[in-house]
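S.K.: This is a predicted model, with the sequence first.
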Amino acid sequence: MLLSAFSVKLLVDVTIRMIMLEIYKQISPYYHALRLLIARDLSNRYKGTVLGLVWLFLQPILMVIVYSFVFSVIMKVRIPGGLDNSYYFAVYLMSALMPFMAFQESITTASSTLFANAALLQRSTLPPILFPLVPILSTVVTELISLVIIVIAAAILLDHVSSCLYLLPLLVLVRLIISLGLGYLVAILSVFIQDLRQALGFLLTLLMFLTPIVYPIEMAPEEFAVMNDFNPFYHLLDAYRGVILRDESPNAGFYWVAALSFGLLYFGIVFFQKSIVKAKDFV
């Protein structure tokens with residue numbers, strides 16, 4: 001088992017280096033433009049609001065408050081194996097829901113990014129690979145802020161600070177890579193299959209309920225629980241919960257998901273680059 005885990009980690013490390021080097025070669029000349037585009041994307045979300053970028057912090061704080069009140073005070077939800085604390089389920093839910101919401105936002109925005117940037121796509125000298133990259137990288141900012149608030153909530157409400165929090169950046173990286181791989185695929189496919197953008201909301205909601213996010217896996221029927229062994233989001237989101245709530249490092253399942261995610265990213269980028277010229281005629 002140790003050898004297997006070591007082999008997976010080694011494969012992940014080699015794959016990361018190869019793919020990140022290829023991405024770096026393509027976007028490094030445009031680093032300054034990428035940084036400005038991300039800042040513009042974040043500011044445009046709250047343009048015209050009184051509080052502006054304060055909403056980046058206020059939204060996850062309000063979600064923690066609302067979820068804690070609903071599930072802990074009103075419903076008094078308890079889960080098997082959880083801490084004997086009325087607020088445990090709220091933090092348990094948020095620690096997986098927030099990363100999934102970041103993924104959900106990544107895929108949804110990627111599906112319309114080529115349409116939203118049609119003018120730039122036709123006239124700008126910026127490489128098309130940047131357009132899905134910008135909104136997906138923006139979700140990293142919102143996810144990191146949410147995770148900090150969740151960790152603070154765990155410390156205040158549960159009197160618990162995990163010793164494995166240093167692993168959170170690794171989990172965010174894998175979540176980002178999955179989002180990028182699928183995001184590049186969805187960005188192109190949405191151009192040729194415009195019904196896909198309409199179906200994404202349903203598909204992502206279905207994925208959320210098929211994955212043990214709003215309920216623990218112990219509550220699922222046995223045959224359904226076994227299916228989650230093949231669900232990459234179960235392994236990824238359970239790693240978030242393990243790091244934040246159980247003081248556990250990610251298991252071998254997470255590292256297999258990480259290895260597959262980099263393969264997905266490579267395929268997504270290749271597919272995007274081979275299809276973008278034809279896609280320009282449809283946006």
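M.R.: Arrived safely, thanks for sending. Numbering: from 1, shown residues only.

S.K.: and stretch 244-255, how far apart are its ends?
M.R.: One end of stretch 244-255 sits 18 Å from the other (C-alpha to C-alpha, to the nearest Å).

S.K.: Repeat that for stretch 120-138.
M.R.: 19 Å.

S.K.: Let me see the mean pLDDT of that stretch.
M.R.: Here stretch 120-138 scores 84 as its mean pLDDT.

S.K.: Stretch 223-240 now?
M.R.: 88.

S.K.: Report how many residues lie close to D281.
M.R.: The local packing of D281 (other C-beta atoms under 10 Å) involves 8 other residues. Yep, even glycine has a C-beta here, placed from its N, CA and C like the rest.

S.K.: What residues of the helix or strand where L206 lies count as buried?
M.R.: Following DSSP states H and E, one finds L206 within helix 195-210. Within helix 195-210, the residues that count as buried by 16 or more other C-beta atoms under 10 Å are 197, 200, 204, 207-208.

S.K.: what do you get for stretch 273-280?
M.R.: 275-276, 279.

S.K.: CA atoms only: put that stretch into CSV for me.
M.R.: What follows is stretch 273-280, C-alpha atoms only, in CSV (Å, rounded to 0.1, in the frame of the first residue of the first chain):
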residue,chain,number,x,y,z
GLN,A,273,-6.1,24.5,-29.0
LYS,A,274,-7.1,22.2,-31.8
SER,A,275,-10.7,23.5,-31.9
ILE,A,276,-10.4,27.2,-31.1
VAL,A,277,-9.8,28.3,-34.7
LYS,A,278,-13.0,26.7,-35.9
ALA,A,279,-14.9,27.9,-32.8
LYS,A,280,-14.1,31.5,-33.7
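
S.K.: how far is that stretch from where the chain is centred?
M.R.: Chain-centre distance of stretch 273-280: 26 Å, with C-alpha atoms, centre = their mean, to the nearest Å.
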